[in-house]
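make a model of this:
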Amino acid sequence: MSKTVLSVNRLAWKLLEKLCENPEYYGVKVENRNGAIVVDAGINARGGFQAGKIITEICMGGCGKARISCSRYGELELPTIFVYTDHPAIATLGSQFAGWNIKNGDYSAIGSGPARAIVQKPKEIYERLGYKDECEKAIVVLETDKYPPETLIERLARDCKVEKKNLAIILTPTASVAGATQVAGRIVETGIHKLEKLDLDPKMILHAWGYAPIPPTHPKFIKAMARTNDAILYGGVTYYVVDCENEEALAKTVEKAPSKASEDYGHPFLEIFKAAGYDFYRIDPNIFAPAVVIVNNLRTGNTFKAGDINLNALKESFGF
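From the prediction side, this is the model:
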């Protein structure tokens, strides 16, 4: 695996500097903890949409853009995050994917962001992408409502092979506006992850965009988490431009790609989670997908679409 010129940590660090230079504007709290930069986007800080937007772009390793607007879902008008990238595989699977389970004693958090490309978590994804970032700076985003212990900061710096002053840890509680925004901002990544599981080579995907509603927050983690999932499963729309030779196989793949392909489809995620005994690993993995998947094949000009927005599921989940 060769070093790639495109460094997700180096690109994202420029956005991190922008965030840290304007903490009041973004509503975040920036601290030096045990020598590392720690950005609180919703634990003791207020956070907000702007913080969620720039954290989404940081999570995409600086290889994608995000903007926040309003979209109509049936009779509902909801705040919506729109993301796009011309480097879909690296921005999503190579950086944004929440694929790093971090544990340190009693502390645990889901890790994502460009630091994954240094530590190669999980390894099989980077082997498929053929991508590794080698950078003297590292940024990890943690979905958590707790500050990391000093021993974890030491370990992350060691794992990333960077000096602590060049390590940044961004904290995003799911039950916060910034947290809900950056999770909804994973809409394109969720679709690429599903397509990759259906054996579409992610390197065939040349360009991508997608949008999803930013769900109303809830003070209870489990309900906030369920709403962020429902935003993607029932309200998320994705569009991919691919270069694919086997179009017959591509058409079949797209049919299986949206959340509608799951046997659990139609139920609010909270119900699905309860039925699975609150165990993510017992949930049908096919449900973790956008509501709508659209794929345009650059080679033929043909376009394939599968799935629908499910307004009733959104209304039930969001409390309308």
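
so, low pLDDT: which residues of the stretch 51-200 of the chain?
The model of the stretch 51-200 of the chain has no residue with pLDDT under 70.

how about the helices in the stretch 101-250 of the chain?
Secondary structure of the stretch 101-250 of the chain (DSSP state H, counting those that start in this stretch): helices at 116-119, 123-129, 150-160, 177-184, 187-197, 221-235, 247-256.

for the residue nearest the centre of the chain, what are its contacts?
The centre of the chain sits closest to Arg186, judged by Cα atoms, centre = their mean, with a distance of 3.2 Å. By Cβ atoms under 8 Å, 6 or more residues apart in numbering, the contact set of Arg186 is Thr56, Cys59, Thr92, Gln96, Ala98, Ile232. C-beta coordinates here come from the backbone N, C-alpha and C atoms, glycine included.

ramachandran coordinates for it?
Main-chain torsions, Arg186, degrees, to the nearest 10: phi -90, psi 20.

that one and Lys65, how far apart?
Distance, Arg186 to Lys65, using Cβ to Cβ, to the nearest Å: 14 Å.

Met225 now?
According to Cβ to Cβ, Met225 and Lys65 sit 26 Å apart.

ok, those two, which is more surrounded?
Using other Cβ atoms under 10 Å, the more surrounded residue of Met225 and Lys65 is Met225, with 20 against 16.

does Pro79 count as helix, strand or coil?
strand (DSSP: H, G, I helix; E, B strand; the rest coil).

residues touching it, list them.
Applying Cβ under 8 Å, 6+ apart, the residues near Pro79 are Phe49, Ile68, Ser69, Cys70, Pro213, Ile214.

from those residues, list the buried ones, please.
Using 16 or more other Cβ atoms under 10 Å as the burial test, the contacts of Pro79 include Phe49, Ile68, Pro213, Ile214 as buried.

show me what the closest residue to Phe82 other than its chain neighbours is bridged to.
Computed as Cβ to Cβ, 6 or more residues apart in numbering, the closest residue to Phe82 that is not its neighbour in sequence is Tyr211, at 4.3 Å. Residues in a beta bridge with Tyr211, per DSSP bridges, are Phe82, Val237.

gap between Tyr211 and Ala306?
Using Cβ to Cβ, Tyr211 is found at 17 Å from Ala306.

then Leu314?
19 Å.

tell me which of the two has more neighbours.
Neighbour totals were compared for Leu314 and Ala306, and Leu314 leads with 24 against 20 (other Cβ under 10 Å).

compute the inter-axis angle for the host helix or strand of that one and helix 221-235.
Using DSSP states H and E, Leu314 falls within helix 311-318. Between helix 311-318 and helix 221-235, the angle comes out at 170 degrees (axes from the mean of the first three to the mean of the last three Cα atoms, to 10 degrees).

pull out the buried residues from helix 311-318.
The neighbour-count check on helix 311-318 (16+ other Cβ under 10 Å) flags Ala313, Leu314, Lys315, Glu316, Ser317, Phe318 as buried.

for the third one, what are its contacts?
Contacts here follow Cβ under 8 Å, 6+ apart; on that basis Lys315 touches Leu76.

repeat that with 10 Å
By Cβ atoms under 10 Å, 6 or more residues apart in numbering, the contact set of Lys315 is Tyr73, Gly74, Glu75, Leu76, Tyr234, Pro268.

does the second one touch Ile309 like I think?
Yes. Between Gly74 and Ile309 there is a contact under Cβ atoms under 10 Å: 7.6 Å.

any common contacting residues for the two?
Shared contacts of Gly74 and Ile309, counting by Cβ under 10 Å, 6+ apart, come down to Gly235.

higher neighbour count, those two?
Between Gly74 and Ile309, Ile309 has the larger neighbour count (other Cβ under 10 Å), namely 17 against 13.

quick one: residues contacting that one.
With Cβ under 10 Å, 6+ apart, Ile309 has these contacts: Ser71, Tyr73, Gly74, Pro213, Tyr234, Gly235, Gly236, Val237, Pro290, Ala291, Val292.
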